[in-house]
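Asks: the amino acid sequence is not available; the structure is as follows:
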Ligand SMILES: CC(=O)NCCCCNc1ncnc2c1ncn2[C@@H]1O[C@H](CN(CCCNC(=O)Nc2ccc(C(C)(C)C)cc2)C(C)C)[C@@H](O)[C@H]1O
């Protein structure tokens, strides 16, 4: 079913991706020959490739036993295949990219070339487990959410988007993504893209129960960042926040004056800016991984009960105070 693009290039890209995952098909002489002659501008060459592909598949289905045959096709999409699926879905969900905020970091229409790779890097650095609940605060058209749902085993993926236009496109992206994943027979985790304001009170509990939070807060004002810190104060031990701007100083040290700052329960590290594939503006983006860790606060209070440590603490506070 191909209702996008003026020539057969999307269909040919699709076949190339599938064949890259199925050597038993790609190595068949007829398929390999047809692939070499395939020309997206000449329908008959694509038809020949599909015929060779289908012939080979039928032959395999009749020679291999069902269990072996089913093992042929991986249940999860490979990274390049997922990138292709996200762009297939996006191209059909967003009929007019111009109405989206074009110059925002990770603006949706350049998502494929830039943020997909970066998020993929992120997924290697920030390990996701089946116990995690993932949320993208301000999820736009929802590409990050569907990418995480297809690339990890998280229990649940949530995106919250406030603006009407990206939220409407996100609803369509969700439909297209599910359609293409079904078409390719690929699995993904449960996900939901909501049209709402993540600062609305009814999201306090939802955010507090998330364990991996992505927030591209680079352009957020102090008010939104402040309101987010209030939500993050309810997070559980071990919860992780990955953001494009820090929520507390990298060298934060607890003193009796900054006890209530969010930094007292977070350890923060800057992720290697060189990792970011999005250097299209030639300025390496930095990302920050914050982990919720109540032990620092517990240690601080324990030290107040111990006169020796208390003296050290006072000295540290004094130094910090200078
Ligand atoms: C005036 C004012 O600020 N009013 C109140 C503020 C409202 C705050 N509440 C919001 N609620 C819901 N959505 C809101 C609200 N604020 C704004 N957005 C939306 O965020 C979208 C933009 N999104 C990006 C959308 C695509 N998703 C991503 O790029 N995700 C992502 C996340 C993390 C990363 C890393 C890990 C690298 C840090 C990379 C990418 C970011 C920049 C915030 C826009 O569509 C906004 O409409």
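Replies: Looks like it arrived, so ask away. Everything numeric here is computed off the predicted structure, so don't read it as measured data.
Asks: run through the residues of this structure sitting next to the ligand.
Replies: Counting by CB under 6 Å from any ligand atom, the chain comes close to the ligand at 104-106, 115, 118, 122, 136, 138-140, 144, 160-163, 166, 197-199, 214-216, 224, 242-244, 287. Yep, even glycine has a C-beta here, placed from its N, CA and C like the rest.
Asks: which ones among those are found in strands?
Replies: Residues of those located in strands (DSSP state E): 136, 160-161, 214-215, 242-243, 287.
Asks: now tabulate those residues in a markdown table and tack on distance to residue 299 and pLDDT.
Replies: Putting those into a markdown table (distance: CB to CB, whole Å; pLDDT from 0 to 100) gives the following:
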| residue | distance to residue 299 | pLDDT |
| --- | --- | --- |
| 136 | 33 | 97 |
| 160 | 35 | 98 |
| 161 | 39 | 97 |
| 214 | 29 | 97 |
| 215 | 28 | 96 |
| 242 | 25 | 96 |
| 243 | 25 | 94 |
| 287 | 27 | 86 |
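Asks: nearest to residue 301, of the residues you listed?
Replies: Among these, residue 243 lies closest to residue 301 (CB to CB), at 27.6 Å.
Asks: bridged to the closest one, which residues?
Replies: Per DSSP bridges, the residues bridged to residue 243 are residue 215, residue 288.
Asks: which residues of this protein fall in helices?
Replies: Along the chain, the stretches classed as helices by DSSP state H are 9-21, 23-26, 29-37, 43-63, 66-72, 79-93, 115-125, 143-151, 164-184, 204-208, 222-232, 295-305, 307-321.
Asks: what is the neighbour count of the residue lying closest to residue 7 once chain neighbours are set aside?
Replies: Among residues not flanking residue 7 along the chain, residue 40 sits closest, at 4.6 Å (CB to CB, 6 or more residues apart in numbering). As a burial measure, residue 40 scores 16 neighbours (other CB atoms under 10 Å).
Asks: residue 40 is in contact with residue 14, isn't it?
Replies: No. With contact defined as CB atoms under 8 Å, residue 40 does not count as touching residue 14 (11.2 Å).
Asks: leaving out chain neighbours, which residue sits closest to residue 176?
Replies: residue 89 (3.7 Å).
Asks: what's near enough to touch the one you found?
Replies: By CB atoms under 8 Å, 6 or more residues apart in numbering, the residues touching residue 89 are 146, 173, 176-177, 179-180.
Asks: looking at those residues, which is nearest residue 94?
Replies: The closest of those to residue 94 turns out to be residue 173 (CB to CB; 7.4 Å).
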